[in-house]
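*Asks:* model this:
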Amino acid sequence: MLKINREQLVCQSVIGEITSPLGGINPYRVNPEGHPDIYPGVGGITYNLRIGDRACGLFADHVEPGVSISNFTQVQGQPGPNRALNLYSCAGNLATVVSGEAKGEKGRVTGKHGGIEHVLLDFAPEVLEKLVIGDKIQIKAFGCGLQLTDYPGVKVINLDPDLLALLPLKKGKKGKLQVPVTHLVPAAIMGSGLGSPHSHSGDYDIQLFDQPTVKKYKLHDLRLGDFVAIIDADATYGRIYRSGGVVIGIVVHSDCVLAGHGPGVMVVMAAGGGEIEPVIDAQANLTSFLPAL
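*Replies:* Numbering: from 1, shown residues only. You can find the predicted model right below:
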């Protein structure tokens with residue numbers, strides 16, 4: 001068992017409501033080859049796309065699996081409640097429906113999507129059928145400030161301690177922390193979201209427009225919920241390129257057609273000095289590790 005600072009962590013409620021998908025005045029999205037089309041995108045309840053499903057090859061752009069929520073409350077003209085929802089929610093947190101026909105049903109946080117500032121939730125298919133846009137969902141936000149006390153060089157972000165406890169983490173070579181991942185991703189192809197001053201909300205995208213790189217790293221079969229390792233990167237504070245660094249993230253949304261975009265990755269660990277040793281494991285997906293409801 002890895003030692004953590006659980007006794008220091010605060011569990012606090014945050015809340016949001018199911019958002020609606022959005023359409024623009026100009027509905028077309030143009031890919032890097034100049035081809036325009038109209039694609040399903042962010043928001044709403046996505047009935048046929050959940051964690052464990054493929055993130056690539058869909059007729060979609062930034063589609064979020066399961067349920068997307070936001071908090072539209074303004075305090076002194078500022079979206080403070082939604083910032084709190086996005087900053088403090090962690091993968092694995094318990095989410096409870098508190099209004100509508102599905103009141104009382106429970107799910108789990110699976111990720112966060114920057115730009116649109118959504119928190120993403122997974123519920124069983126029969127629950128999705130009862131949910132409607134506008135239903136409110138409360139989250140027990142737990143995990144902000146989580147530390148691995150025996151690995152001070154590894155920053156843990158956006159992870160519920162109970163989910164962390166279920167990950168098959170081991171002590172590796174030279175005292176590094178072994179973390180299971182489905183894929184290695186070179187930092188050179190990371191796009192939108194790079195340069196953010198922190199990683200406690202949002203994500204950054206894997207660009208899949210260079211086919212030789214996609215083939216070399218076998219990125220065509222990325223799945224929503226996959227744990228991946230971004231090599232030569234750091235996100236301890238801001239998301240940057242750093243030789244020897246390793247970032248572990250979870251794939252949170254689908255592939256995209258817009259230049260600079262692709263499957264989104266929410267950061268869950270970062271080691272600027274290379275204190276993480278990624279280990280390839282095809283089963284390293286949230287579907288294998290989420291705590292039972």
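*Asks:* going forward, measure contacts between C-alpha atoms and count neighbours the same way
*Replies:* Noted.
*Asks:* right, and Met269 touches Gly153 too?
*Replies:* No - under the criterion of C-alpha atoms under 8 Å, Met269 makes no contact with Gly153, lying 10.2 Å away.
*Asks:* of those two, who's got more company?
*Replies:* When Met269 is set against Gly153 and neighbours are counted by other C-alpha atoms under 10 Å, the residue ahead is Met269, at 23 against 19.
*Asks:* contacting residues around the more buried one?
*Replies:* Met269 makes contacts with 154-157, 235-236, 247-249, as judged by C-alpha atoms under 8 Å, 6 or more residues apart in numbering.
*Asks:* that one and Ala233: what is the separation?
*Replies:* According to C-alpha to C-alpha, to the nearest Å, Met269 and Ala233 sit 11 Å apart.
*Asks:* overlap of the contact sets of the two?
*Replies:* Common contacts of Met269 and Ala233 (C-alpha under 8 Å, 6+ apart): Val247.
*Asks:* in three-state terms, label Asp232 for me.
*Replies:* Using DSSP: H, G, I helix; E, B strand; the rest coil, the secondary structure recorded for Asp232 is strand.
*Asks:* hang on, I meant Phe59
*Replies:* Relying on three-state DSSP, one would call Phe59 coil.
*Asks:* the closest residue to it other than its chain neighbours - how many residues pack around it?
*Replies:* In space, and not counting its chain neighbours, Phe59 is closest to Tyr39: 6.5 Å by C-alpha to C-alpha, 6 or more residues apart in numbering. Using other C-alpha under 10 Å, Tyr39 has 18 other residues around it.
*Asks:* and Arg242, by the same measure?
*Replies:* Arg242, neighbours per other C-alpha under 10 Å, totals 17.
*Asks:* so which strand or helix has it?
*Replies:* Arg242 belongs to strand 240-253 when assigned by DSSP states H and E.
*Asks:* which parts of the stretch 51-200 of the chain are helices?
*Replies:* Assigned by DSSP state H, counting those that start in this stretch, the helices in the stretch 51-200 of the chain fall at 80-88, 125-128, 161-166.
*Asks:* figure out how far the second one is from the centre of its chain.
*Replies:* It stands for helix 125-128. 21 Å (C-alpha atoms, centre = their mean, to the nearest Å).
*Asks:* now swap in stretch 25-44 and tell me
*Replies:* Using C-alpha atoms, centre = their mean, the offset of stretch 25-44 from its chain centre is 22 Å.
*Asks:* return the set of buried residues in it.
*Replies:* Within stretch 25-44, the residues scored as buried using 16 or more other C-alpha atoms under 10 Å are 29, 39-44.
*Asks:* got it, and stretch 58-69?
*Replies:* 60-69.
*Asks:* from these, which land in strands?
*Replies:* Within the buried residues of stretch 58-69, residues falling in strands by DSSP state E are 66-69.
*Asks:* go through the residues you listed and say which is closest to Ser13.
*Replies:* Ile69 (14.4 Å; C-alpha to C-alpha).
*Asks:* please name the residues that touch the residue nearest to that closest one when sequence neighbours are not counted.
*Replies:* Spatially, and ignoring its direct neighbours in sequence, Ile69 is nearest to Ile18 (4.4 Å; C-alpha to C-alpha, 6+ apart). Going by C-alpha under 8 Å, 6+ apart, Ile18 touches 43-45, 67-70, 132-137.
*Asks:* make it 7 Å
*Replies:* 44, 67-70, 133-136 (C-alpha atoms under 7 Å, 6 or more residues apart in numbering).
*Asks:* show me which of the residues you listed is closest to Ala187.
*Replies:* Of all these, Ala187 sits closest to Ser68, with 27.6 Å by C-alpha to C-alpha.
*Asks:* what residues go with each domain of the protein?
*Replies:* 9-141, 155-289 (automatic domain parsing).
*Asks:* which one of those domains lies closest to Gln147?
*Replies:* For the domains of the chain, proximity to Gln147 was assessed by C-alpha to C-alpha; domain 155-289 is nearest, at 6.0 Å.
*Asks:* got the CA positions of stretch 97-105 in CSV?
*Replies:* Extracted C-alpha coordinates of stretch 97-105, given in CSV (Å, rounded to 0.1, in the frame of the first residue of the first chain):
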residue,chain,number,x,y,z
VAL,A,97,-28.2,12.9,-9.1
VAL,A,98,-30.2,15.3,-6.8
SER,A,99,-33.1,16.4,-9.1
GLY,A,100,-35.4,14.9,-11.7
GLU,A,101,-36.6,11.4,-12.4
ALA,A,102,-33.1,9.9,-11.7
LYS,A,103,-32.8,11.5,-8.3
GLY,A,104,-30.7,9.3,-6.0
GLU,A,105,-28.8,7.5,-8.8
